[in-house]
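K.L.:
The following comprises the amino acid sequence and a computationally predicted model.
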Amino acid sequence: MTPTRPCSSCDKSIPADAVFCPVCGAAAASPILGDTLLGVSRSTTGTATSYELAPERLQAALGPSYELGRLIGRGGYAEVFAVRDLRLKRELALKVLRPDLILTDTLVTRFRREAEAVGALQNTHIVPIYDVGEVDGICWLLMPLVQGETLKQVLAREKQLPVLEAKRILLEAAEALASAHEAGVVHRDIKPENLMIDGKTQRVLLMDFGIAKAMDSSVENSLTGTGVVIGTPQYMSPEQAIGKTAPDPRSDQYSLAIVGYQMLTGRVPFAGENVREVIARQLLDEATPLSRLVPNIPSAVSSTIHQALRKEPAQRFGSMDAFARALKGEVVLPSEGGAVRRESSFDIPTKKRPWLAAAAWALVLGGAGLGAWRAGLFAADDASPAPAAPTEPITPVRPGQVRRPPAGTGRTASAPVKGPDTTISAGLNPPPPATCDEAIRISDWTAAFAHCTEEAATIPVSARNLGTLYAEGRGVGKNERLAAYHFKFAADSFDLAAVLEMARRYETGRGIAMHQGRAAGQYLLAAELGAQETFSIVARRYDEGNGFQEDPKKAAEWFLKAAEAGDAPSMSRLAAAYAKGRGVKKNEAEATRWYTAAANKQEPEAEYQLAMMLLKGKGGFQQDDATGLEWLKRAAGHGHVEARRELAKREG
């Protein structure tokens with residue numbers, strides 16, 4: 001019977017001398033890949049597969065200042081032992097490259113680089129390095145011994161975590177990565193087993209920069225061959241999966257987003273029976289919206305994770321700091337959230353991208369040659385809008401002190417294809433546009449129609465653009481029926497702008513049969529994909545039974561999401577729900593809180609309700625006729641009919 005051992009990544013049984021795990025694809029001998037990668041056993045070379053079998057050799061390398069203890073962990077390329085520092089009287093952890101790993105000059109150079117890179121990092125969420133050594137072919141690092149457990153162990157026990165706890169872990173890990181990225185270090189192997197939870201403080205500690213490399217191109221090229229894939233498939237970014245040279249910090253962002261998705265749902269978004277299937281899904285599939293899997297998840301959390309999971313690096317956040325701010329619900333400037341273009345979020349699902357599909361099929365069918373894909377394939381396509389700002393403080397103020405929401409913080413879907421007019425200088429002969437997007441960019445509508453027609457079958461954004469050309473009669477005769485056909489194709493591929501367009505078309509019957517149920521379904525899909533402007537639409541439809549079966553509870557849930565995103569009418573509707581106990585437990589304090597928030601944003605119904613509370617001494621207020629009358633006048637001035645009647649009665 002062939003000897004086996006558990007994979008350090010997925011825990012499946014694998015042959016003892018396997019170089020890679022056949023299930024998850026993790027490197028079984030070493031995740032540091034380069035000129036030489038050989039997993040050899042004692043039976044072929046006489047070399048022990050663990051220093052646990054040769055502790056005297058490891059003790060000799062450490063010297064008399066340290067006392068070697070028990071083996072406490074074993075990974076793909078290293079072992080970890082407990083060590084006693086005899087001089088400073090403290091417990092340490094020793095990470096040593098496994099004895100069955102052939103130490104080439106390249107590998108030793110990488111090992112030194114790990115020590116140098118991590119040793120220079122100073123962050124409370126990064127496990128520091130105290131010492132490094134190379135003696136008699138043994139390479140080791142000394143680090144503090146953390147009393148705790150890995151996030152992998154936590155998830156194995158808990159399956160999934162509460163939203164607040166998952167958010168905390170993501171924020172602390174993001175802080176660690178931001179520090180590393182600022183120092184020029186990309187981790188490249190973010191996964192639950194590399195996130196330690198300190199047993200005393202529950203502080204997150206990022207560890208194992210064993211395959212992280214400083215982003216210095218001259219050194220990078222000397223250490224890594226083109227096409228080398230480094231990482232763990234379930235947490236690997238698409239650019240890592242196809243062997244793109246030198247993934248930048250946004251690759252870590254993608255991997256951390258997968259960890260966040262797993263913490264919230266209890267599963268990774270892209271799984272499979274083997275490494276090829278996993279990588280193909282990383283390239284082709286979109287993650288199921290978190291709002292479908294996690295009840296009442298804050299929109300800032302779900303939208304942040306989904307943006308970080310974008311297939312194109314340029315569509316993710318520009319930095320880990322921007323990722324963290326978005327996760328906390330703060331406003332992220334467009335330049336921090338990825339490249340800015342007219343398409344809205346989710347406009348090119350990668351399952352339809354020809355080049356990603358080709359890479360995936362090359363992997364599935366042959367598994368070789370992926371490193372040949374050049375970095376230029378990852379050009380910027382678009383960016384998701386930033387999450388909305390947090391709602392304003394909800395404390396009662398007098399009408400003259402009403403604060404207006406900052407301009408430009410709402411999320412809207414921009415026009416999909418109206419490109420800028422471009423004047424070509426005399427004497428220049430630019431090449432004709434080669435794609436639908438290029439033709440639209442220079443307003444060459446004839447070429448745009450030809451290219452978009454050719455690309456529409458495989459690229460959803462081109463299908464959506466073709467629909468707009470038909471709808472506007474640009475480059476082709478106007479035809480609303482064909483416009484709806486192409487919009488529907490793009491919407492079925494989760495193109496957000498097309499989903500919104502189809503919602504409006506089903507609602508109005510433009511180019512397609514009117515159907516309020518389908519309109520409601522499209523609005524719900526857009527909301528689940530993070531389009532905040534649709535939260536209130538979905539809420540109203542559930543509240544009124546328009547396209548959905550009337551459901552006060554779901555209405556209240558979506559009114560809450562819309563209110564948290566800053567929508568004043570939704571704040572007022574949510575307050576009414578709390579006041580009447582409709583869909584939520586009756587709560588006078590919450591009703592007052594949300595009416596006040598909406599009134600502060602000049603919402604007439606809320607101004608009227610707040611006025612009546614003050615005039616009658618209800619809602620937790622003492623009777624205050626003067627202030628109540630001011631709010632009543634404000635509501636009447638904003639057109640509220642009942643407020644006008646009440647004001648006329650009181651003044652008459």
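P.N.:
Good, I have the coordinates. Numbers count the residues shown, from 1 in each chain.

K.L.:
low pLDDT regions in the protein?
P.N.:
Along the chain, segments meeting pLDDT under 70 span 1-48, 75-77, 101-104, 107, 110, 114, 210-231, 244-246, 331-430.

K.L.:
Give me the residue at the spatial middle of it.
P.N.:
With the centre of the chain defined as its mean C-alpha position, the nearest residue by C-alpha atoms, centre = their mean is I305, 2.4 Å away.

K.L.:
residues in contact with that residue?
P.N.:
By C-beta atoms under 8 Å, 6 or more residues apart in numbering, I305 lies in contact with A257, G260, Y261, L264, L290. In this view, the C-beta of every residue, glycine as well, is placed from N, C-alpha and C.

K.L.:
go with 6 Å
P.N.:
A257, G260, Y261 (C-beta atoms under 6 Å, 6 or more residues apart in numbering).

K.L.:
go on, Y66?
P.N.:
V83.

K.L.:
what do you get for the one 3 residues further on?
P.N.:
With contact taken as C-beta under 6 Å, 6+ apart, G69 is in contact with F81, A82, V83.

K.L.:
One more pass at 10 Å, please.
P.N.:
By C-beta atoms under 10 Å, 6 or more residues apart in numbering, G69 lies in contact with P55, F81, A82, V83, R84, E91, L92, A93, L94, L145.

K.L.:
got TSV for the residues you listed, with secondary structure and neighbour count too?
P.N.:
Below are those laid out as TSV (DSSP: H, G, I helix; E, B strand; the rest coil; neighbours: other C-beta atoms under 10 Å):
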residue	secondary structure	neighbour count
P55	helix	15
F81	strand	25
A82	strand	16
V83	strand	25
R84	strand	15
E91	strand	13
L92	strand	20
A93	strand	20
L94	strand	26
L145	coil	19
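
K.L.:
Would you mind putting those into JSON lines with distance to D437 alongside?
P.N.:
Listed next are the contacts of G69 as JSON lines, based on distance: C-beta to C-beta, whole Å:
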{"residue": "P55", "distance to D437": "62"}
{"residue": "F81", "distance to D437": "55"}
{"residue": "A82", "distance to D437": "57"}
{"residue": "V83", "distance to D437": "58"}
{"residue": "R84", "distance to D437": "62"}
{"residue": "E91", "distance to D437": "58"}
{"residue": "L92", "distance to D437": "55"}
{"residue": "A93", "distance to D437": "52"}
{"residue": "L94", "distance to D437": "54"}
{"residue": "L145", "distance to D437": "54"}
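
K.L.:
so which of these comes closest to G133?
P.N.:
L94 (9.5 Å; C-beta to C-beta).

K.L.:
My guess is the closest one contacts P55. True?
P.N.:
No - using C-beta atoms under 10 Å, L94 makes no contact with P55, being 11.3 Å away.

K.L.:
Now the common contact residues for those two.
P.N.:
Shared contacts of L94 and P55, counting by C-beta under 10 Å, 6+ apart, come down to L68, G69, L71, F81.

K.L.:
which of those sit farthest apart?
P.N.:
L68 and L71 (9.7 Å).

K.L.:
which one of the two has more residues nearby?
P.N.:
Under the criterion of other C-beta atoms under 10 Å, the comparison of L68 against L71 puts L68 first, with 19 against 16.
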